[in-house]
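Participant: Quick check, what structure comes out for this input:
(one chain, ligands or ions: 1)
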Amino acid sequence: MKRWMMLAAFAAVLPQAAAAQEVTLKAVSSFAEKTTFSRGFETFVERVNAAGKGVIQINYIGGPKAMPPFEVGNALKGGVVDLANVTGAFYTNVMPEADAWKLTQVPMSEIRKNGGYDYMAKLYAEKMNAILLARLSDNNPFHLYLNKPITKPDLTGLKLRITPVYRDFFQALGATVVQTAPGEVYTALERGVVDGYGWPITGIFDLGWQEKTKYRVDPGFYSSEVSILVNKTTWDKLSDAQRAVLLKASAQAEAEAVPMFTEEGNKDTKRQADAGIQTIKLDGENAKVFLDKAYEAGWAGVIRQSPEHGPKLRQFFSKPK
Ligand code: 173
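Facilitator: Numbers count the residues shown, from 1 in each chain. Okay, the predicted model is just below:
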């Protein structure tokens, strides 16, 4: 009898024992390894691997050499990878609403409180089988970089490299657009295939684009979003202890995003000037038209792609009136 009871007790704890074993998650970045928009994620991986010994580990397979950026969303959804460092613009095929993150005018800390995060979380679960763990870039405006000058918010006659981030805005100002992954920008500039490109204030030095860039247009617009996503099936299987390691490193990473990108933005602004990139500063009424058009065309694009959710997201993400 005693023996039987001992066996039963063992059987009862067995599932927990199995769950308590170390698990290894596979991770990919949609930006090149060790560049501006991968660094926050790579720090996250290091921290998880240090804190998670015997509990949870991350196997980081790398950047676009491991997987093309525009395929990362589908790979995460299908569980080909468990974790991804990726921006919404790269997986609009899976979840068009994710591109709306670029339009946030309030910080993530506020969106986590005002219901915006919860609203998006439902869409991530339903459309992508995913959870957004942490936003790693914020307070990081995009800019238009050019090799031909402009004097007003009119891009007629210019051919520009884009992703979904810039498509509606640049087209609304009259540009012709061509979508490429970041890895193809240098060659497109070198061959004169494009007259310019959209990119945040930070990171143009990572792939040498300063060599092929004459002008940056100010003001910047929007706020770049790159986030850590986890596959929800993977997440649901983790133990509380395993989740705790990921959650702690996620909270730390998100808290660091704004101060880090504010500092990096200041540094790269100066570095661009030092590299001879001239600023085309639209001012007064021209700047206002440029920015108004950016948000108007941006939201129109999101709402066109998602008439059901776009207007709700606009309420959560916009500056309170
Ligand atoms: O490739 C891009 O221009 C892009 O969409 C993006 C988004 C966030 C950060 C950096 C680039």
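
Participant: going forward, measure contacts and count neighbours with C-alpha atoms only.
Facilitator: Fine.

Participant: per-domain residue ranges of this structure.
Facilitator: What automatic domain parsing lists as the domains of the chain is 18-139+225-262, 142-223+266-316.

Participant: can you redo those as CSV with mean pLDDT?
Facilitator: Converted to CSV, those look like this (pLDDT from 0 to 100):
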stretch, mean pLDDT
domain 18-139+225-262, 97
domain 142-223+266-316, 98
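
Participant: mind putting the ones you listed in TSV, distance to the ligand included?
Facilitator: Converted to TSV, the domains of the chain look like this (distance: least, Cα to the nearest ligand atom, whole Å):
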stretch	distance to the ligand
domain 18-139+225-262	5
domain 142-223+266-316	4
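
Participant: Give me the phi and psi for the spatially most central residue of the chain.
Facilitator: Among the residues of the chain, V226 comes closest to the average C-alpha position under Cα atoms, centre = their mean, at 1.8 Å. Main-chain dihedrals, V226, degrees, to the nearest 10: phi -130, psi 130.

Participant: what about the nearest residue in space to it that is not next to it in sequence, how many residues close to it?
Facilitator: Closest residue to V226 apart from its sequence neighbours, by Cα to Cα, 6 or more residues apart in numbering: T87 at 4.3 Å. T87 is flanked by 30 other residues according to other Cα atoms under 10 Å.

Participant: Would you confirm that T87 contacts E225?
Facilitator: Yes - between T87 and E225 a contact is recorded at 5.8 Å, counting by Cα atoms under 8 Å.

Participant: where do the helices sit along the protein?
Facilitator: 2-19, 36-51, 72-78, 108-111, 116-128, 167-172, 185-190, 232-237, 240-274, 284-305, 310-317 (DSSP state H).

Participant: so what secondary structure elements neighbour the fifth one?
Facilitator: Contact analysis of helix 116-128 by 3 or more Cα pairs under 8 Å, 6 or more residues apart in numbering; DSSP states H and E lists helix 72-78, strand 130-135, helix 310-317 as its packing neighbours.

Participant: and with 7 Å instead?
Facilitator: Here helix 116-128 touches strand 130-135, helix 310-317, going by 3 or more Cα pairs under 7 Å, 6 or more residues apart in numbering; DSSP states H and E.

Participant: Distance from that helix to the middle of the chain?
Facilitator: 15 Å (Cα atoms, centre = their mean, to the nearest Å).

Participant: Equivalent analysis for the longest one, please.
Facilitator: Averaged C-alpha coordinates place helix 240-274 at 12 Å from its chain's average position (Cα atoms, centre = their mean).

Participant: List the buried residues of it.
Facilitator: In terms of neighbour count (16 or more other Cα atoms under 10 Å), helix 240-274 has its buried residues at 242, 245-246, 249-250, 253-258, 260-262, 264-265, 268, 272.

Participant: angle of that helix against helix 36-51?
Facilitator: On the basis of axes from the mean of the first three to the mean of the last three Cα atoms, to 10 degrees, helix 240-274 is oriented at 150 degrees to helix 36-51.

Participant: Now do helix 240-274 against strand 130-135, angle only.
Facilitator: With the same axes, to 10 degrees applied, the angle from helix 240-274 to strand 130-135 works out at 50 degrees.

Participant: Looks like A121 contacts I131 (just checking).
Facilitator: Yes - counting by Cα atoms under 7 Å, I131 is a contact partner of A121 at 6.5 Å.

Participant: what about those two, which has more around it?
Facilitator: Neighbour totals were compared for A121 and I131, and I131 leads with 20 against 17 (other Cα under 10 Å).

Participant: Who is the more buried one paired with across the strands?
Facilitator: I131 has these beta-bridge partners by DSSP bridges: V230.

Participant: quick one: contacts for it?
Facilitator: With contacts defined as Cα atoms under 7 Å, 6 or more residues apart in numbering, the neighbours of I131 are 121, 124-125, 229-232.

Participant: which of those count as buried?
Facilitator: So, by 16+ other Cα under 10 Å, the buried ones in the contacts of I131 are 121, 124-125, 229-232.

Participant: Of all the helices of the chain, which one is nearest T202?
Facilitator: Closest approach to T202 among the helices of the chain is made by helix 240-274 (5.6 Å; Cα to Cα).

Participant: Touching, the residue nearest to the centre of the chain and A89? I think so.
Facilitator: No - contact criterion Cα under 7 Å: V226 and A89 do not qualify, at 9.4 Å.

Participant: Next one: L238 relative to T180, how far apart?
Facilitator: Per Cα to Cα, to the nearest Å, L238 is found 36 Å from T180.
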